[in-house]
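Colleague: build the 3D model from these lines:
(one chain, ligands or ions: 1)
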Amino acid sequence: MNKVNLQVDIGGLILKNPVVTASGTFGSGLEFVPYLNLNELGGVVVKGTTLLPRQGNAGQRLVETSAGLLNSVGLQNPGVDYYLKEILPELKKYETNFIVNISGNTVEEYGLLAEKLNVPGVAALEVNISCPNVKAGGMAFGTDPKEGAKVVKAVKQNTKLPVIVKLSPNVTNIVEIAQSVEEAGADALSLINTLLGMAIDVQRRKPILGNIMGGLSGPCIKPVALRMVWQVFKAVKVPLIGMGGITTVEDALEFILAGATAVSIGTANFRNPRVSAEIAAGLEQYCLENGIQDIKELIGAAHS
Ligand SMILES: Cc1cc2nc3c(=O)[nH]c(=O)nc-3n(C[C@H](O)[C@H](O)[C@H](O)COP(=O)(O)O)c2cc1C
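Modeller: Numbers count the residues shown, from 1 in each chain. Alright, predicted model coming up:
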């Protein structure tokens with residue numbers, strides 16, 4: 001049996017297979033060591049990291065709705081210095097790529113984070129531009145093409161690592177943002193982050209989440225995510241990491257055929273902590289069964 005080449009290139013970052021885990025759903029990776037061999041994954045996207053430690057939002061932070069998961073964790077994390085000192089040395093024992101997802105309240109904070117993380121053991125940065133821009137009065141960086149571009153320039157100036165920019169679906173035109181951050185120097189794009197939603201407790205007659213609104217994820221967002229990957233693939237040259245509701249090998253294949261070079265698995269990890277390794281193995285199996293020697297043959301294949 002011929003071996004399948006599963007290796008892909010995400011803006012200079014070489015992944016041994018196209019499956020990574022989505023930020024915020026897989027901890028730093030260490031939490032999942034009891035369940036799967038991290039070395040089976042193309043990469044792990046570490047949970048959102050900020051300059052200072054964050055407690056996250058108060059009140060109820062997760063709601064399982066009839067259609068998907070709502071979360072308002074609020075970027076709880078121990079801060080970048082703790083990550084560098086306590087977590088990164090542990091991660092260096094594994095032969096996979098650790099991509100750190102970063103969030104800032106100002107352009108300067110993103111720049112500082114990039115500078116601090118420009119160290120061995122960090123394979124790439126994933127820049128979450130869904131955070132509120134404090135200086136601009138709370139508007140998210142990811143909803144304004146110019147603000148998003150400023151963040152990318154600040155990050156690129158301060159790092160030699162590949163810079164992956166994570167796009168929010170909570171915009172009218174995702175293509176416009178994608179093109180703007182590509183022009184600002186993004187090496188790759190990942191999409192999509194969660195869709196803004198809410199749920200109400202009819203007994204208390206109050207919103208369930210302490211923060212009222214939260215991010216919707218899981219299979220219910222897959223058709224939206226797939227549509228956005230399709231649109232962005234046609235509009236940019238840089239590689240894409242597709243995510244949003246991927247639970248099965250078929251889901252992952254849909255994203256690759258729509259134009260994703262790699263896929264990221266999020267909410268599905270909560271149901272089955274081994275799912276990302278299973279999807280990586282399943283992609284290889286699909287290629288073997290269908291005479292595909294290199295998974296790259298499938299990227300964007302549904303467009304032709
Ligand atoms: C509990 C939870 C926490 C998340 N935290 C982050 C985060 O810190 N940074 C980020 O960019 N995305 C975060 N996300 C979004 C996911 O990485 C992913 O983009 C989204 O959930 C869609 O994929 P899925 O449907 O497979 O979960 C989080 C999602 C969930 C469910």
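Colleague: residues in contact with the residue of the chain found nearest the ligand?
Modeller: In the chain, the residue that lies nearest the ligand is Gly24 (1.9 Å; Cβ to the nearest ligand atom). (Each C-beta comes from the backbone N, C-alpha and C, glycine too.) Each residue near Gly24 by Cβ atoms under 8 Å, 6 or more residues apart in numbering is listed here: 47-48, 71, 73, 101, 266.
Colleague: three-state assignment of it?
Modeller: coil (DSSP: H, G, I helix; E, B strand; the rest coil).
Colleague: for it, give its distance to Pro169.
Modeller: 15 Å (Cβ to Cβ, to the nearest Å).
Colleague: for Asn57, which non-adjacent residue is closest in space?
Modeller: Excluding its sequence neighbours, the residue lying closest to Asn57 (Cβ to Cβ, 6 or more residues apart in numbering) is Gly74, at 3.3 Å.
Colleague: what's the answer for Ser276, then?
Modeller: Ile265 (4.4 Å).
Colleague: contact residues of this protein facing the ligand?
Modeller: 22-25, 47-48, 69, 71, 73, 75, 101, 128, 166, 193-194, 215, 217-218, 221, 243-246, 265-268 (Cβ under 6 Å from any ligand atom).
Colleague: could you list which of these belong to helices?
Modeller: If you go by DSSP state H, the residues of the chain next to the ligand have Ala268 in helices.
Colleague: now the strands for the stretch 151-300 of the chain?
Modeller: Remark: strands assigned in the stretch 151-300 of the chain by DSSP state E, counting those that start in this stretch are 163-166, 188-191, 195-198, 200-201, 206-207, 213-217, 240-242, 262-265.
Colleague: tabulate those (TSV), appending mean pLDDT and mean neighbour count.
Modeller: Below are the strands of the stretch 151-300 of the chain laid out as TSV (pLDDT from 0 to 100; neighbours: other Cβ atoms under 10 Å):
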stretch	mean pLDDT	mean neighbour count
strand 163-166	98	28
strand 188-191	98	27
strand 195-198	96	18
strand 200-201	98	12
strand 206-207	97	14
strand 213-217	95	23
strand 240-242	98	29
strand 262-265	98	28
